[in-house]
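# pasting the structure only:
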């Protein structure tokens, strides 16, 4: 039998998924334009397919393909991390800020490309 806390967590998770899939606006980015930018700026740590293992891979870099995690993060969160860098959000200092490198449109394109990765 499941505990009340676990049951409540599952209900909240389902509600969050519904909000994400049915209420969140679609990204305005273009994944085809995002792919070369992702490969240039992100794949070194996150891997060519988002599963980690890039040439500069750090063991603590999380996969961008984690089902039940990445799919629950909204585009605004990704935009903030990419733009401001990891330390601004309590993440790794190895994640640089790209606000001086990528335009807001570029960031939207990278996010759209990341959203094409199959989740595991």
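Noted; the coordinates are in hand. Owing to the predicted nature of the structure, the values given are computational and were not obtained by experimental measurement.
# what is the rounded mean pLDDT of the helix or strand encompassing residue 33?
Counting by DSSP states H and E, the element that carries residue 33 is helix 31-41. Across helix 31-41, pLDDT averages out at 98.
# Also stretch 61-74?
92.
# For that stretch, buried residues please.
Of the residues in stretch 61-74, 61, 63-66, 70 count as buried by neighbour count, 16 or more other CB atoms under 10 Å. Where you see a C-beta, it was placed from the backbone N, CA and C, and this is true even at glycine.
# Same list (these) but as CSV, adding distance to residue 32 and secondary structure.
Rendered in CSV, the data for these read as follows (distance: CB to CB, whole Å; DSSP: H, G, I helix; E, B strand; the rest coil):
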residue, distance to residue 32, secondary structure
61, 25, coil
63, 22, coil
64, 18, coil
65, 19, coil
66, 24, coil
70, 20, helix
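# Quick one: the helices in the chain, in order.
In the chain, the helices defined using DSSP state H lie at 4-18, 31-41, 43-46, 75-84, 104-114.
# What is the burial count for residue 112?
Residues lying near residue 112 (other CB atoms under 10 Å) number 22.
# ok, now which ones touch it?
Neighbouring residues of residue 112 by CB atoms under 8 Å, 6 or more residues apart in numbering: 27-31, 34.
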